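K.L.:
Kindly return the folded structure for what I paste below:
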Amino acid sequence: LETEDKEVLEVPVKHLFFMKTLAAMFEDLGMDEDDKGEVIPIPLIHSKIFKMVLNWCVVHQGEVFPSRINIPKTKVDEIDGRDKQLFSSQSMATLFQLMKAALFLNIPPLEDVLARIAAARVGSRSTKALKREFGVMFPFTDDERMQCARRFPFLVDNCDDIPELDKLDKALRSEREQTSSSNSNNEK
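P.N.:
All right, here's what the predicted structure looks like:
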């Protein structure tokens, strides 16, 4: 298999059957265990990520997983120790790349494990830490926020439960009241 970064990896056929996308590809191409030398591109997955997926396949070799429909609902803290060891130290960016690979390769048990690990990590962090982790910082100054509220007042209407927006809504109302009162005084 040739990964996104053009690294060619030899993968035992027994591990390909975890990866339903590749198994279907092999079947469609009429390939079997004896077909060596055929390079199949997997352009959406970097070699580092694919090696982690392959390592997961090796660790879970011989296991039978339930179909996606029958995957039991498990708690976040019920993650297999081997999976914790493989993935818990990875960054969120790497976990998302692994999830993307698991989705592309169609490996539902790996998708489930990665989602539970990400959920456990997200659940234990503050909002501020999550914003920093995902790069969701509010880059606007107070003046820029107010300009946006003036231009699109419907964005801040009835937002009592969101303190930042409620503050903008009150400032916008106050501004409108001052404008209307000064217009009234000018008319007299």
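
K.L.:
from memory residue 16 sits against residue 23, does it?
P.N.:
Yes. Residue 16 lies in contact with residue 23 (C-beta atoms under 8 Å); the separation is 5.4 Å. From N, CA and C alone the C-beta is placed, and that goes for glycine too.

K.L.:
Which of these two has more residues huddled nearby?
P.N.:
Counted by other C-beta atoms under 10 Å, residue 16 and residue 23 do not tie: residue 16 has more neighbours, with 23 against 16.

K.L.:
Kindly provide the distance from the more buried one to residue 105.
P.N.:
Taking C-beta to C-beta, to the nearest Å as the measure, residue 16 falls 9 Å from residue 105.

K.L.:
residue ranges for the helices of the chain, please.
P.N.:
Assigned by DSSP state H, the chain shows helices spanning 13-16, 20-28, 47-59, 81-87, 92-105, 108-123, 127-134, 142-151, 163-187.

K.L.:
Between those helices, which one is closest to residue 3.
P.N.:
Closest to residue 3 of the helices of the chain, according to C-beta to C-beta: helix 47-59, at 4.1 Å.

K.L.:
what does that closest one contact?
P.N.:
Helix 47-59 has contacts (C-beta atoms under 8 Å, 6 or more residues apart in numbering) with 1, 3-5, 7, 9, 11, 15, 18-19, 42, 45, 82-83, 86-87, 90, 94, 97-98, 101-102, 105, 107, 110, 113.
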